[in-house]
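show me the folded form of this:
(2 chains)
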2 protein chains.
Amino acid sequence: MSELLNNLYGEQHRLCSTPAGKVTVVLSSERPIDLFELEQLCDAVGWSRRPQRRVKRALQNSLLLVGLWRHDPRLPKLVGFARCTGDGVVDATVWDVAVHPLYQRAGLGKQLMSYVLDTLKAWQVERVSLFADPDVVSFYEAQGWELEPLQRRCAFWYAS
Amino acid sequence: MSELLNNLYGEQHRLCSTPAGKVTVVLSSERPIDLFELEQLCDAVGWSRRPQRRVKRALQNSLLLVGLWRHDPRLPKLVGFARCTGDGVVDATVWDVAVHPLYQRAGLGKQLMSYVLDTLKAWQVERVSLFADPDVVSFYEAQGWELEPLQRRCAFWYAS
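Just a heads-up that it's a prediction; the model follows:
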């Protein structure tokens, strides 16, 4: 089993704990992300679509891509995703954290975030940031993220 | 003069307007940044030092490096700097905006930021973010940056 998982998901993969262990779910930063599968996942969580050539470029410019896979020896299914940008030294920023609705409420989002942070810690990144929509602020607060510290102010400039 | 400037600073360089035109100051995203010169600039603005190997890796992982150069045909001097990380599509983040104290209060910081934003606009980046220390918040507000919009909350995780 272990060799099969290494072949499918790379040596840095991590098995997720799932309720009653009914399914095998695996985190991987090494298994390539298929753009069509990622688009289906984003559709499932209700995100607006972006042109695939732009998504492709954004993924190429990202520091870290993490997939959450419903294990299947023939065809693993992408059921979650997160990516990071940044310089990988001073700062990294987490984006596009998604778990398929059918796989939510099982602690997988938390395990996905732990995997992301553990990878960034291994790189000795000094600070990790993210921009949370109001409905998921409590999710990150519960995991020890600090909101808008007094020392700094976030500022934004929008293209539109 | 124009060909000389192109050779020194690349074809995307921009001449800065300076008070009384006493000195020639040039913005460039193409002229390579020397790590020792950057360290001297950071010393001059009072930033704490980082190990050069980490700075080197952070610069390599950055999307955009912009130098502000006091023009000299033999040896241009680095008097300002800014860099961006991000995916260059959905988001970019501006970091390490510095102008040497001897060159401050001449509108060069504003011109540096305009050059950064114009470059990102040309890439069609959707959103640009930055984290401002409290003492420079007004600098960015005056240039039309939006502070901590209600839609999102910034969150941070620190290595230490």
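
so what's A:Trp95 up against?
By Cβ atoms under 8 Å, 6 or more residues apart in numbering or on different chains, A:Trp95 lies in contact with A:Ser62, A:Ala82, A:Arg83, A:Cys84, A:Thr85, A:Leu130, B:Asp87, B:Val90, B:Asp91. C-beta here means a position set from N, CA and C on the backbone, and glycine is covered the same way.

okay, and which of those map to strands?
A:Ala82, A:Arg83, A:Cys84, A:Thr85, A:Leu130, B:Asp91 (DSSP state E).

circling back to that earlier point, so which of the contacts of A:Trp95 comes closest to A:Ala44?
For the contacts of A:Trp95, the closest approach to A:Ala44 (Cβ to Cβ) belongs to A:Ala82, at 15.2 Å.

that closest one: neighbour count?
23 (other Cβ atoms under 10 Å in any protein chain shown).

same deal with the one 10 residues further on?
The criterion is other Cβ under 10 Å. On that basis, A:Ala92 has 27 neighbouring residues.

now A:Pro19: phi and psi?
phi -60, psi 130 (degrees, to the nearest 10).

what helix or strand is the residue lying closest to it once chain neighbours are set aside on?
Leaving aside its sequence neighbours, A:Pro19 sits nearest to A:Ala106 (Cβ to Cβ, 6 or more residues apart in numbering or on different chains; 5.6 Å). Using DSSP states H and E, A:Ala106 maps to neither a helix nor a strand.

three-state assignment of the residue nearest to A:His100 when sequence neighbours are not counted?
Of all residues not flanking A:His100 in the chain, A:Val79 sits nearest, at 4.3 Å (Cβ to Cβ, 6+ apart). What DSSP: H, G, I helix; E, B strand; the rest coil gives for A:Val79 is strand.

between the contacts of A:Trp95, which is nearest B:Trp157?
A:Leu130 (8.2 Å).

buried among the ones in strands among the contacts of A:Trp95? Make that a PyMOL selection.
Only the buried entries of the ones in strands among the contacts of A:Trp95 go into this PyMOL selection, using 16 or more other Cβ atoms under 10 Å in any protein chain shown:
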select buried, (chain A and resi 82+83+84+85+130) or (chain B and resi 91)
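
need the max-distance pair from the ones in strands among the contacts of A:Trp95.
A:Ala82 and B:Asp91 (14.4 Å).

wait, does the lengthiest helix in chain A make contact with chain B?
Across chain A, the helix with the greatest residue count (assigned by DSSP state H) is helix A:108-122. Yes. Contact of helix A:108-122 with chain B is found when judged by Cβ under 8 Å from any Cβ of the partner chain, involving A:Leu117, A:Lys121.

how about that helix: buried residues?
Buried, per 16+ other Cβ under 10 Å, within helix A:108-122: A:Leu108, A:Gly109, A:Gln111, A:Leu112, A:Met113, A:Tyr115, A:Val116, A:Leu117, A:Thr119, A:Leu120.

send me it as PDB with only the CA atoms.
Extracted C-alpha coordinates of helix A:108-122, given in PDB (Å, rounded to 0.1, in the frame of the first residue of the first chain):
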ATOM      1  CA  LEU A 108     -10.500  17.600   6.200                       C
ATOM      2  CA  GLY A 109     -10.200  21.400   5.700                       C
ATOM      3  CA  LYS A 110      -8.300  21.600   9.000                       C
ATOM      4  CA  GLN A 111      -6.000  18.800   7.900                       C
ATOM      5  CA  LEU A 112      -5.500  20.400   4.600                       C
ATOM      6  CA  MET A 113      -4.400  23.700   6.300                       C
ATOM      7  CA  SER A 114      -2.100  21.800   8.700                       C
ATOM      8  CA  TYR A 115      -0.400  20.200   5.800                       C
ATOM      9  CA  VAL A 116       0.100  23.600   4.100                       C
ATOM     10  CA  LEU A 117       1.500  25.100   7.200                       C
ATOM     11  CA  ASP A 118       3.700  22.200   8.000                       C
ATOM     12  CA  THR A 119       5.200  22.400   4.500                       C
ATOM     13  CA  LEU A 120       5.800  26.200   4.900                       C
ATOM     14  CA  LYS A 121       7.300  25.600   8.300                       C
ATOM     15  CA  ALA A 122       9.700  23.100   6.800                       C
END
